[in-house]
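Asker: below are the sequence and a predicted model; questions follow.
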Amino acid sequence: LELLYNVIENAGPVLKADSRFIEHLQKHLIPSMIANGVSTISRVLKYTVSIIRSLLKHFRAPLKRELGILLPGIILRVLESPNSVVQQKWLILQLLQYLCGNIRGFTDIFLNYDCDLKSPDIAARLVSDLSKISQGLIGASGELTADDIALRVLALESLSLLIKTLLSWSKEGIAPLQSPIKPIAQKADLSGSILSPSSSAVCDERELFAADLEKIEKAKQYKTLVSDGRTLFNAEQHKALDKLKEMGLIDGTPASIAKFIKETEGIDKSSLGNFICGNKPICKKVLTAYVELFTFRGMGLDEAIRFFLATFLIAGEGGVIYRVLENFAAKYYNECNDSRFANADAVFQLAYALVVLATDAHNPNVKKKITFEEWVDMLKTLGLQMDQEFLRGIHDRIVARRLELNVDSPTASVHPASTPTLSLIHISQ
């Protein structure tokens, strides 16, 4: 860790610009830090924190996504944990004090995470944690010790430093640069964010001065609005629609509702499933619009099903699953144009057969499993005559790896274990 820290801290322009070096950081260092960074060994945590500080200092732009995981996953996690010892929190608070005294570092965090719809609010959480620690609301023990007082003082000093730094910066004014440069991602999107959701760009100090401050404010306000809308939908799906329309997050059409629930981070899978699997006409229309937002081109049938069903929790059993798979099959057939399927109904039949197979193969209550030959015979009964090698590949992948059906019922089953063939024939009819 010490060697890695020295390499990163002393990185020159060659390493900073080398895509291979950055790729090694992304593939090897970051996962290792996420897995092992929260350590009770003070030296390990010390160098972990030092590495994070150096990454913030030198590699903010290419590692924006990774730092968005490290900061809450290690730094704030240790700070907020009731099990963290004083030495751990002291190391973390020293890093936060550095950030609070560094206007460039702190505003970068605010702009690129708190104002980005696809990122967590890190700057706000940082300030909130410092405030709670200074008041003894985090990690307070029964008896106030000298260590507790030292932590409170350091947290309060960090907040004071942040306010002084922001005040000093604001008094200097935002004078135009002689040669202003454009922000990395200045193009506005429909969300009002100053950053593209998929952008890994980070605004630096020069871009901060040149950026449109009104756009920044609107981006943050919009993110707060979306957060409120997400909370409403997760609590009461149908009642939330009118409020979401009033807030300007949807226009009331099935397409706009589907776009909101698919693209908004943090929508609860159970809430989403309860809504799109509902029996009301609007629910069925939104389900169709929701499926249309997916792209299955280039995916095998089993891969596409995994991708689709992983996004929500199915609320119901037979009839609901049929409806969900019917919409999926129509989208997959029209988009993928796979010559092995005569029509969308053929896609639907095989998709449902895969769900039956997955339920049978991974249900511990089913003692006698369906063999590959029996499964193929079931498909033939339905009129599906398909290449054996193709079916074998799909069958083996489903049996080898569980298909996450996310059925919202402790007793839900896709078919009666004793009569799977009848179930498939029934759905075909």
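Answerer: Done, it's in.
Asker: got the contact list for Thr371?
Answerer: By CB atoms under 8 Å, 6 or more residues apart in numbering, no residues touch Thr371. C-beta coordinates here come from the backbone N, C-alpha and C atoms, glycine included.
Asker: can you do 10 Å?
Answerer: 377, 395 (CB atoms under 10 Å, 6 or more residues apart in numbering).
Asker: start at 197, not 1
Answerer: From this message on, residue numbering opens at 197, which makes the last subject Thr567.
Asker: can you read off the pLDDT for it?
Answerer: With respect to pLDDT, Thr567 scores 90.
Asker: residues of stretch 230-244 that come out buried?
Answerer: Residues of stretch 230-244 classed as buried: 233-235, 241-244 (neighbour count, 16 or more other CB atoms under 10 Å).
Asker: cool, stretch 521-534 as well?
Answerer: Buried residues in stretch 521-534 (16+ other CB under 10 Å): 521-529, 531-532.
Asker: do the same with stretch 450-462
Answerer: 450-458, 460.
Asker: just stretch 280-296 next, same as before
Answerer: Under 16+ other CB under 10 Å, the buried positions of stretch 280-296 are 280, 284-285, 287-289, 291-296.
Asker: quick one: Leu267 from Tyr309, how far?
Answerer: 8 Å (CB to CB, to the nearest Å).
Asker: which residues do these two both contact?
Answerer: Joint contacts of Leu267 and Tyr309 (CB under 10 Å, 6+ apart) are 316, 318-319, 321-322.
Asker: which among these gets closest to Ser423?
Answerer: Distance to Ser423 across the shared contacts of Leu267 and Tyr309 (CB to CB) is lowest for Pro316, with 10.7 Å.
Asker: read off the pLDDT value for that closest one.
Answerer: The predicted local confidence for Pro316 is 85.
Asker: pull the number of nearby residues for it.
Answerer: Neighbour count for Pro316, taken as other CB atoms under 10 Å: 17.
Asker: ok, back up a step: want to throw the buried residues of stretch 280-296 into CSV with secondary structure and pLDDT?
Answerer: Output for the buried residues of stretch 280-296, formatted as CSV (DSSP: H, G, I helix; E, B strand; the rest coil; pLDDT from 0 to 100):
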residue, secondary structure, pLDDT
Ser280, coil, 85
Gln284, helix, 89
Lys285, helix, 90
Leu287, helix, 90
Ile288, helix, 91
Leu289, helix, 93
Leu291, helix, 91
Leu292, helix, 93
Gln293, helix, 92
Tyr294, helix, 91
Leu295, helix, 90
Cys296, helix, 91
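Asker: before we move on, the earlier item: where is pLDDT lowest across the buried residues of stretch 521-534?
Answerer: Confidence-wise, Cys532 trails the rest of these, at 89.
Asker: now do the same contact list for it.
Answerer: Here Cys532 is in contact with 491-497, 500, 543 (CB under 10 Å, 6+ apart).
Asker: can you select the buried ones from the residues you listed in PyMOL?
Answerer: Selection of the buried residues among these in PyMOL, burial being defined by 16+ other CB under 10 Å:
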select buried, resi 492+495+497+500+543
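Asker: give me the below-cutoff pLDDT ranges for this structure.
Answerer: Applying pLDDT under 70 to the chain picks out residues 335-338, 369-408, 513, 601-625.
Asker: need the longest helix for it.
Answerer: Longest among the helix segments of the chain by residue count, using DSSP state H, is helix 342-368.
Asker: so which of the buried residues of stretch 230-244 sit within strands?
Answerer: Among the buried residues of stretch 230-244, DSSP state E puts none in strands.
Asker: as a markdown table, these with distance to Leu409 would be great.
Answerer: Output for the buried residues of stretch 230-244, formatted as a markdown table (distance: CB to CB, whole Å):
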| residue | distance to Leu409 |
| --- | --- |
| Gly233 | 35 |
| Val234 | 37 |
| Ser235 | 41 |
| Leu241 | 37 |
| Lys242 | 38 |
| Tyr243 | 38 |
| Thr244 | 35 |
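Asker: any idea which of those is closest to Asp344?
Answerer: Leu241 (19.4 Å).
Asker: that closest one reaches Ile270, doesn't it?
Answerer: Yes. Between Leu241 and Ile270 a contact is recorded at 8.6 Å, counting by CB atoms under 10 Å.
Asker: now the common contact residues for the two.
Answerer: 233-235, 288.
Asker: out of those residues, name the two that are farthest from one another.
Answerer: Across the shared contacts of Leu241 and Ile270 (CB to CB), the longest gap, 12.4 Å, separates Ser235 and Ile288.
Asker: now do the shared contacts for those two.
Answerer: The contact lists of Ser235 and Ile288 share 241, 270, 274, where a contact means CB under 10 Å, 6+ apart.
Asker: of the residues you listed, which belong to helices?
Answerer: Going by DSSP H, the helices hold 241, 274 from those.
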